[in-house]
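Visitor: Here's my sequence, what's the structure:
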Amino acid sequence: MLYQLNYSGNHKSRYMYKTINRLFVFVFIIVALSIKASAQTSAAASDGYFAVEDYYRVKWGHADEFIALWKKNHYPLLKKAQEKGDVINITASTPRLHSGEDTRWDFRVTVVFKTAALAFDENLTAPYKKQLYPDQETFNKEEQYRFEILLAHWDIEAADVPLK
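Guide: Have a look, this model is predicted:
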């Protein structure tokens, strides 16, 4: 037991004890899940997988629009590659704080590929485009617009650094 409260019939003490224990269990589960996710990412890197971080800087005021288009048109293609086993993991994030214009990015996507060759395969998602987007005209217009509001895009190979 983490906390030992006096159970001398005090209803508030019992309630507080139960609440604290529930909170402890909740925090423990969250920490355990975080450690598991971190271990999976580290395991992916140690299994010879190849991780790439894609950074996108978008015209001011268009970040939400860009992300929505990316999620609509590009993410499903990556998910298909993941179902096939060519992609191991896909995560995305946005910055919580701001930075200077020279270092600003609006959207980051980390993709862990099964091999480095798959990471550089320009046709990796091509087989899925017509399957997922039968209206190719609309798909191409949306993708063209997504790149029109894009100011900069860079890819970085990412690798874990052992700290021990």
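
Visitor: Give me the mean pLDDT for stretch 74-91.
Guide: For stretch 74-91, mean pLDDT rounds to 98.

Visitor: what separates it from the chain centre, distance-wise?
Guide: The chain centroid and the centroid of stretch 74-91 are separated by 12 Å under C-alpha atoms, centre = their mean, to the nearest Å.

Visitor: Test my guess that Pro95 contacts Asp106.
Guide: Yes - counting by C-beta atoms under 8 Å, Asp106 is a contact partner of Pro95 at 7.5 Å. Using the backbone N, CA and C atoms, a C-beta is placed for each residue, glycine as well.

Visitor: what does stretch 114-131 rub up against?
Guide: 48-50, 52, 76-78, 80-81, 85-88, 111, 113, 136, 139 (C-beta atoms under 8 Å, 6 or more residues apart in numbering).

Visitor: Please list only the buried members of those residues.
Guide: In the contacts of stretch 114-131, burial by neighbour count holds for 49-50, 52, 76-78, 80-81, 86-88, 111, 113, 139, counting by 16 or more other C-beta atoms under 10 Å.

Visitor: Could you list the low-pLDDT ranges of this protein?
Guide: Applying pLDDT under 70 to the chain flags the ranges 1-46.

Visitor: name the element the residue most central in space within it belongs to?
Guide: Residue closest to the average C-alpha location in the chain (C-alpha atoms, centre = their mean): Thr91, at 1.7 Å. For Thr91, the enclosing helix or strand under DSSP states H and E is strand 87-93.
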